[in-house]
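# model the following, please.
(2 chains)
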Amino acid sequence: MPNTGDEMTFTQFVFYFFSAILLFAGLRVITARNPVHAALYLVLAFFTAAGLWMTLEAEFLAITLVLVYVGAVMVLFLFVVMMLDINLDKLREGFWDYLPLALPVAILLMLEMAVVLGGRFFGLDKAATPAAHPAGYSNTKELGRLLYTQYVYPFEIAAVILLVAIVAAIALTMRKRKDTKYLDPARQIAVKRRDRVRLVKMPAEKRMETGSQKAGEPQP
Amino acid sequence: MMDWLQHLFGPAWTPIWTLVKIMIIVIPLMLSVAYLTYAERKIIGWMQVRIGPNRVGWQGLLQPIADAVKLLMKEIIIPSGANKGLFILGPILAIAPALAAWAVIPFTENWVLANIDAGLLYVMAITSMGVYGVIVAGWASNSKYAFLGAMRSAAQIVSYEIAMGFALVGVLMASQSLNLIDIVKGQEGGFWHWYFLPLFPLFMVYLIAGVAETNRAPFDVAEGESEIVAGFHVEYSGMAFAVFFLAEYANMILVSALTTLMFMGGWLSPLPFLPDGFVWWALKVAFVLFLFLWFRATFPRYRYDQIMRLGWKVFIPITIVWIVVVGAAMQTPYGRFFH
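Below is the predicted model of the structure:
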């Protein structure tokens, strides 16, 4: 985008605004004491990340991020976090024991990131700024076309792998109890009156006159 | 006039004009919500051979205003054990998506705040955010009833969203567009061209899943007055409670509007020789809203396991089968029936 001197363009302002929120939210995810707060900050992080992708004109990815991660995955995540009674102080007990191992890993990750972002081959100046698309350009349509033509095999294979993972996860965790009393709603709905109630027709019985007792009085 | 105003405000013109347009949508929406509650009480009253509200104003017409004033004056009680920040955030998270989704809803061919290409996806993403209001409110209240309501609601909404999304995939295939205006334009030429006929199973699934998504009877297990008193908003009072109320009814109108746009031709007239216009849109939305009220007056609440069964074992298979049917039919000469 053309930068007009010192003046910040609106897009840049949006970028820095979202980035600041994203960094803050990301930081709070690991520092918040309450796990539910941490999960909600993660939701905020996803949402602002979607906003950042939107500035890249990747509207399909941005909206899918919100739809899948914010709308479904994080809901289930919160669901679990709220049900568990997590004691953070207990979780943090081993902090100093793990530090010698964790520190090198963290430094290594930081170095890798530095290489990727600032290096000779991957620097931001190496990748051309994506050209702005005309107004009628549909990101979604292009993505769909590529997925189902050029990348159809990787796409289908990934789908099958995911399906197998789903089936495996269910197969591993499913256990059948023999003593479960199971209701079959289809059979419940299919019940007719004659299955439950029998209408018996019989002639009215004759009144039995027995000496001193009057009819209609309760029998002892 | 417009030029003069534009000159007056200078660079601030665009945000101010957008704000004005937002108000033009939100204020009638809030009024519709108020009178939807009145309509609900009257219609259900008549269905149950009662009179309904008839004290405030002529035929009780000022009842919603009286209710709103009452709720505004009431104290907002925050339980001492509640998580205060999240307790206040809950209603905000409930109403924000209910209003934000209206940004892309077209009222006629030209009346739309933001005509974006991925409108359908945007609506799905934004409405899927609505569940956070319920969960956060239920958890932050620090009450067992509220928490049970939140858990029920979370599981239910996530389940029905899948069926809803698949139903919309069918619409997407038929119209070959994600733009809501193009979807309506694809249904031009009389009511037999509207998508509810070729996509009838998807239409039914969408309508019923819409009732479940908005937590309305017979899917109102999140509230379940008789079991968990009022579910997720049991601890809320005054305006905080009213905001949940507003969100629920705004969502009802939203789902009705989406059903209208995607399956019932939006602003198009049912017969080709009649003029199209906003009035058709409003009539169709009112009809779907009437169905919502009718359901509430007619059906007993679903049992929780049966809700889950309906969502996962009935609706999702139906939608998948019908998507395959539509996809296969589009490759044959009969494809013209589907778009």
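# so what's the residue in chain A that chain B sits nearest to closest to, chain neighbours aside?
Across chain A, no residue is closer to chain B than residue A:71, which sits at 2.8 Å (Cβ to the nearest Cβ). Where you see a C-beta, it was placed from the backbone N, CA and C, and this is true even at glycine. The shortest distance from residue A:71 to any residue other than its chain neighbours is 2.8 Å, reached at residue B:128 (Cβ to Cβ, 6 or more residues apart in numbering or on different chains).
# chain B contacts on chain A?
By Cβ under 8 Å from any Cβ of the partner chain, the residues of chain A that approach chain B are A:34, A:36-37, A:40, A:43, A:59-60, A:63-64, A:66-67, A:70-72, A:75-76, A:78-79, A:82-83, A:138-140, A:185.
# the helices in the chain, which residues?
No chain in the question, so chain A it is. Shown for chain A, the helices assigned by DSSP state H span residues A:10-31, A:35-55, A:59-64, A:74-83, A:88-91, A:95-118, A:139-148, A:152-173, A:185-190, A:193-196.
# wait, chain B
Under DSSP H, chain B gives helices at B:2-9, B:13-47, B:63-73, B:84-100, B:119-127, B:131-140, B:144-175, B:180-185, B:200-213, B:225-228, B:238-263, B:278-298, B:304-309, B:316-330.
# okay, those helices, which one's buried deepest?
helix B:131-140 (a mean of 28; mean count of other Cβ atoms under 10 Å in any protein chain shown).
# and that helix, what does it pack onto?
Packed against helix B:131-140 by the contact rule (3 or more Cβ pairs under 8 Å, 6 or more residues apart in numbering or on different chains; DSSP states H and E) you find helix A:35-55, helix A:74-83, helix B:84-100, helix B:144-175, helix B:238-263.
# by contact count, what packs against the second one?
Which is helix A:74-83. helix A:35-55, helix B:131-140, helix B:144-175.
# ok and the residue in chain B nearest chain A?
residue B:128 (2.8 Å).
# ok, that residue to residue B:161 distance?
Distance of residue B:128 to residue B:161, computed by Cβ to Cβ, to the nearest Å: 6 Å.
# okay, and the helix or strand of chain A with the least pLDDT?
helix A:88-91 (a mean of 71; mean pLDDT, DSSP states H and E).
# format the CA atom coordinates belonging to stretch A:53-71 as CSV.
Below are the C-alpha coordinates for stretch A:53-71, written out as CSV (Å, rounded to 0.1, in the frame of the first residue of the first chain):
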residue,chain,number,x,y,z
TRP,A,53,-6.8,-11.6,7.9
MET,A,54,-9.7,-9.4,6.7
THR,A,55,-7.3,-6.6,6.0
LEU,A,56,-5.4,-9.1,3.8
GLU,A,57,-8.6,-9.5,1.8
ALA,A,58,-8.7,-13.2,2.9
GLU,A,59,-12.4,-12.9,3.8
PHE,A,60,-13.1,-16.6,3.5
LEU,A,61,-10.4,-17.7,5.8
ALA,A,62,-11.2,-14.9,8.3
ILE,A,63,-14.9,-15.8,8.4
THR,A,64,-14.1,-19.5,8.6
LEU,A,65,-11.8,-18.9,11.5
VAL,A,66,-14.6,-17.2,13.4
LEU,A,67,-17.1,-19.8,12.4
VAL,A,68,-15.1,-22.9,13.2
TYR,A,69,-12.8,-21.8,16.0
VAL,A,70,-14.8,-19.2,17.8
GLY,A,71,-18.3,-20.6,17.0
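# quick one: mean pLDDT over that stretch.
For stretch A:53-71, mean pLDDT is 85.
# get me the contact residues on the stretch 151-300 of chain B for chain A.
B:151, B:154, B:155, B:157, B:158, B:161, B:178.
# isn't the third one up against residue A:83?
No: assessed by Cβ atoms under 8 Å, residue B:155 is found out of contact with residue A:83, at 11.5 Å.
# what sits against the nearest residue to residue B:74 once chain neighbours are set aside?
Nearest non-adjacent residue to residue B:74, counting by Cβ to Cβ, 6+ apart: residue B:238, 3.6 Å away. Counting by Cβ atoms under 8 Å, 6 or more residues apart in numbering or on different chains, residue B:238 touches B:71, B:72, B:73, B:74, B:75, B:76, B:77.
# recalculate using a threshold of 6 Å.
B:71, B:74, B:75, B:76 (Cβ atoms under 6 Å, 6 or more residues apart in numbering or on different chains).
# now distance to residue A:149 and pLDDT too, for the residues you listed, in JSON lines please.
What follows is the contacts of residue B:238, written out as JSON lines (distance: Cβ to Cβ, whole Å; pLDDT from 0 to 100):
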{"residue": "B:71", "distance to residue A:149": "56", "pLDDT": "85"}
{"residue": "B:74", "distance to residue A:149": "60", "pLDDT": "85"}
{"residue": "B:75", "distance to residue A:149": "62", "pLDDT": "83"}
{"residue": "B:76", "distance to residue A:149": "57", "pLDDT": "81"}
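# just the buried ones from those?
residue B:71 (16 or more other Cβ atoms under 10 Å in any protein chain shown).
# dump the contacts of residue B:238 to TSV, plus distance to residue B:32.
Listed next are the contacts of residue B:238 as TSV, based on distance: Cβ to Cβ, whole Å:
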residue	distance to residue B:32
B:71	17
B:74	23
B:75	28
B:76	25
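# out of the contacts of residue B:238, which one sits closest to residue B:311?
residue B:71 (33.0 Å; Cβ to Cβ).
# so for residue B:63, which of the helices and strands packed on helix A:74-83 sits nearest?
helix B:131-140 (25.9 Å).
# for the chain, what are the low-confidence residue spans?
In the absence of a named chain, chain A is used. A:1-8, A:88, A:119-136, A:209-220 (pLDDT under 70).
# ah, no, chain B please
B:1, B:222, B:224-226, B:335-339.
# what do you get if the cut-off is 50, keeping everything else the same?
Residues of chain B meeting the criterion pLDDT under 50: none.
# and the residue nearest the centre of chain A?
Centroid-nearest residue in chain A: residue A:73, 1.1 Å away (criterion: Cα atoms, centre = their mean).
# who's in contact with that one?
Residue A:73 touches nothing, counting by Cβ under 6 Å, 6+ apart.
# what about residue B:214, neighbour count?
24 (other Cβ atoms under 10 Å in any protein chain shown).
# wait, it sits on residue B:252?
Yes: Residue B:214 is within contact range of residue B:252, at 5.1 Å (criterion: Cβ atoms under 6 Å).
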